[in-house]
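Q: need a structure here:
(chains A and B)
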2 protein chains.
Amino acid sequence: MAEFFDLLRTRRSIRDFEDKEVPLDLVLKIIRESCLAPSAQNGQPWRFIIVNNKEWIKRLSDESKKNLLAYLRENPDAPIKKYEAVLRDKHFNVFYNAPCLVYFVGSKKIRTLQVDCALAACYFMFSTAERGLGTCWVGLGMNIEDPEVLEHIGMPMDYRIVAPVILGYPKNIPKPPERTEPKILKIVS
Amino acid sequence: MAEFFDLLRTRRSIRDFEDKEVPLDLVLKIIRESCLAPSAQNGQPWRFIIVNNKEWIKRLSDESKKNLLAYLRENPDAPIKKYEAVLRDKHFNVFYNAPCLVYFVGSKKIRTLQVDCALAACYFMFSTAERGLGTCWVGLGMNIEDPEVLEHIGMPMDYRIVAPVILGYPKNIPKPPERTEPKILKIVS
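A: Next up is the predicted model:
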């Protein structure tokens, strides 16, 4: 029984990758496993966009940074403020130069889209870790608005990005961040 | 390497439980493991309410059914329409008479609350399954509005329920529902 619990305890978000491509077949296999996640009314609303081109990943990073900075100008007190310096840094890639990016997306009409896609992304991250690869859910990478960019990546206009997940071979596996004690509001016995 | 992939493929949503309590210590242990999930900016915004009292679980089921039926009267074409008959059935318990219910909740102010809690719930469901117990994320069980009920379960007014997850010892493990082929919108190479 140890194996799964090892995975549970050791899976880390990875932000430092070897310069080595992830075979497309492997990405497709992991996506297929992600689709085993449960979904509301078995709706399986998740759709996928795979970007395994470093130039395009950089372009998506630049697009997201541009929109986040515009948002910050309108909302100077937003929590994202703490990222302002890195967002202004031209050399900072929100996707940490990962060789592959998978967007978990779906129709805006689906009320449960966020949680359904999050469950699929969780399956994806476990399955990837079990194979020795690393992932990171990059919240800063979802602000894609330019219609030309959206069209190029095959994103329908009535869809939204829920989870941008990067993957690759980890160069460096960080220590786990601190966890606070679970906060149980009440036990109704 | 087989073990995790077995779990990935065989974990099912369980809606039929033995009449056997889940030890509170075990629930607390699994909640602690759920907190190993990643969260946006390591915010760990998840909070937990444990209900291991069957009368209260029934009361929460009744409260949720009442509010869903009220919603249906206002929105007669809502997708939830297909559940109208069971929601009107006084004997139907949305929590399937499970011995234990855990609400994953958190502050409405947290923009990433839904996906953060969904990831913790995913960890919870895997960890529970690995121990031979069963879970089901019960979307029909989150419509709790009565202030007295909310107060009794320790739910702050500025919080929201993201995931009601039942758990118990499975009496019957169903076959997996059909999965559609993964829908890849585009591969940007």
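
Q: Which residue ranges of chain A form strands?
A: According to DSSP state E, chain A carries its strands in the segments A:47-51, A:100-107, A:134-137, A:159-168, A:184-188.

Q: For residue B:133, find the nearest of the ones you listed.
A: strand A:184-188 (17.9 Å; Cβ to Cβ). The way it works is simple: take the backbone N, C-alpha and C, and place the C-beta from them, glycine included.

Q: got a list of contacts for that closest one?
A: B:24, B:28, B:31, B:47-53, B:56, B:105, B:152-156 (Cβ atoms under 8 Å, 6 or more residues apart in numbering or on different chains).

Q: just to revisit the earlier point, reformat the strands of chain A as JSON lines; add mean pLDDT.
A: As requested, the strands of chain A are exported to JSON lines (pLDDT from 0 to 100):
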{"stretch": "strand A:47-51", "mean pLDDT": "98"}
{"stretch": "strand A:100-107", "mean pLDDT": "98"}
{"stretch": "strand A:134-137", "mean pLDDT": "98"}
{"stretch": "strand A:159-168", "mean pLDDT": "98"}
{"stretch": "strand A:184-188", "mean pLDDT": "98"}
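
Q: export these to JSON lines and tack on mean neighbour count?
A: JSON lines is the format used below for these (neighbours: other Cβ atoms under 10 Å in any protein chain shown):
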{"stretch": "strand A:47-51", "mean neighbour count": "23"}
{"stretch": "strand A:100-107", "mean neighbour count": "24"}
{"stretch": "strand A:134-137", "mean neighbour count": "24"}
{"stretch": "strand A:159-168", "mean neighbour count": "24"}
{"stretch": "strand A:184-188", "mean neighbour count": "17"}
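
Q: what about residue A:35, neighbour count?
A: 18 (other Cβ atoms under 10 Å in any protein chain shown).

Q: how about it, what does it touch?
A: A:44, A:46, A:120, B:179-180, B:182.

Q: buried set for stretch A:41-60?
A: For stretch A:41-60, burial by neighbour count (16 or more other Cβ atoms under 10 Å in any protein chain shown) applies to A:44-54, A:56-57, A:59-60.

Q: Could you list the alpha-carbon positions for it in CSV?
A: These are the backbone C-alpha positions of stretch A:41-60, laid out as CSV (Å, rounded to 0.1, in the frame of the first residue of the first chain):
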residue,chain,number,x,y,z
GLN,A,41,-23.5,13.8,-14.2
ASN,A,42,-20.6,12.0,-16.1
GLY,A,43,-20.6,15.0,-18.4
GLN,A,44,-16.9,14.8,-19.2
PRO,A,45,-16.8,18.4,-20.3
TRP,A,46,-13.0,18.6,-20.5
ARG,A,47,-11.3,19.4,-23.7
PHE,A,48,-7.6,19.7,-24.3
ILE,A,49,-5.1,21.9,-26.2
ILE,A,50,-1.5,20.6,-26.3
VAL,A,51,1.3,23.1,-27.0
ASN,A,52,4.6,21.4,-27.4
ASN,A,53,6.4,24.2,-29.3
LYS,A,54,8.6,26.3,-27.1
GLU,A,55,8.1,29.4,-29.2
TRP,A,56,4.4,29.2,-28.9
ILE,A,57,4.6,28.5,-25.2
LYS,A,58,6.7,31.7,-24.9
ARG,A,59,4.1,33.6,-27.0
LEU,A,60,1.3,32.4,-24.7
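
Q: where are the low-confidence patches of chain A?
A: A:1-2 (pLDDT under 70).
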